[in-house]
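Visitor: sharing a sequence plus its predicted fold:
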Amino acid sequence: MHSNTLLLAAYLIMNIIGLFIMKVDKQRAIKHQYRIQEKTLWLVAIFGGAVGTTAGMQMFRHKTKHLSFKLGFPVLAVIEFVIFVYFSFKFS
């Protein structure tokens, strides 16, 4: 499989996971259930899912009062996107 295809697949999968865990954590918060640890949310974001976690934060209005998430996820999303684009062109 071509390296660009693998890079794109990994990027998409991590961001889908990021979006999904933000939705699940919001649903659990509403139902007062056991929550996903903030550390887990950050790990998913750091390992390529920052665009998804940022989108999930906005779509589900989740973690928007926490300054570290409100600023950190979008900044990380921009950094990851720039890195993704750089490597996409480097390996093409």
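Guide: Sure thing, it's come through.
Visitor: can you give me the buried ones in stretch 12-30?
Guide: Applying a neighbour-count criterion of 16 or more other CB atoms under 10 Å, the buried positions in stretch 12-30 are 14-15, 17-19, 21-22, 24-26. Where C-beta positions appear, they are placed from N, C-alpha and C, glycine not excepted.
Visitor: okay if I get the residues you listed as TSV plus distance to residue 43 and secondary structure?
Guide: Shown next, in TSV, are those (distance: CB to CB, whole Å; DSSP: H, G, I helix; E, B strand; the rest coil):
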residue	distance to residue 43	secondary structure
14	10	helix
15	14	helix
17	10	helix
18	10	helix
19	15	helix
21	10	helix
22	13	helix
24	15	helix
25	13	helix
26	18	helix
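Visitor: and of those residues, the nearest to residue 54?
Guide: residue 18 (7.9 Å; CB to CB).
Visitor: and the buried residues of stretch 12-30 as JSON lines, adding pLDDT and distance to residue 32?
Guide: Below are the buried residues of stretch 12-30 laid out as JSON lines (pLDDT from 0 to 100; distance: CB to CB, whole Å):
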{"residue": "14", "pLDDT": "98", "distance to residue 32": "29"}
{"residue": "15", "pLDDT": "98", "distance to residue 32": "28"}
{"residue": "17", "pLDDT": "98", "distance to residue 32": "24"}
{"residue": "18", "pLDDT": "98", "distance to residue 32": "23"}
{"residue": "19", "pLDDT": "98", "distance to residue 32": "23"}
{"residue": "21", "pLDDT": "98", "distance to residue 32": "18"}
{"residue": "22", "pLDDT": "97", "distance to residue 32": "18"}
{"residue": "24", "pLDDT": "98", "distance to residue 32": "14"}
{"residue": "25", "pLDDT": "97", "distance to residue 32": "12"}
{"residue": "26", "pLDDT": "96", "distance to residue 32": "12"}
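Visitor: quick one: neighbours of residue 46, just the number.
Guide: Other residues near residue 46 come to 14 when the count uses other CB atoms under 10 Å.
Visitor: ok, it to residue 92 distance?
Guide: 25 Å (CB to CB, to the nearest Å).
Visitor: likewise residue 68?
Guide: From residue 68 to residue 92 the distance is 35 Å (CB to CB).
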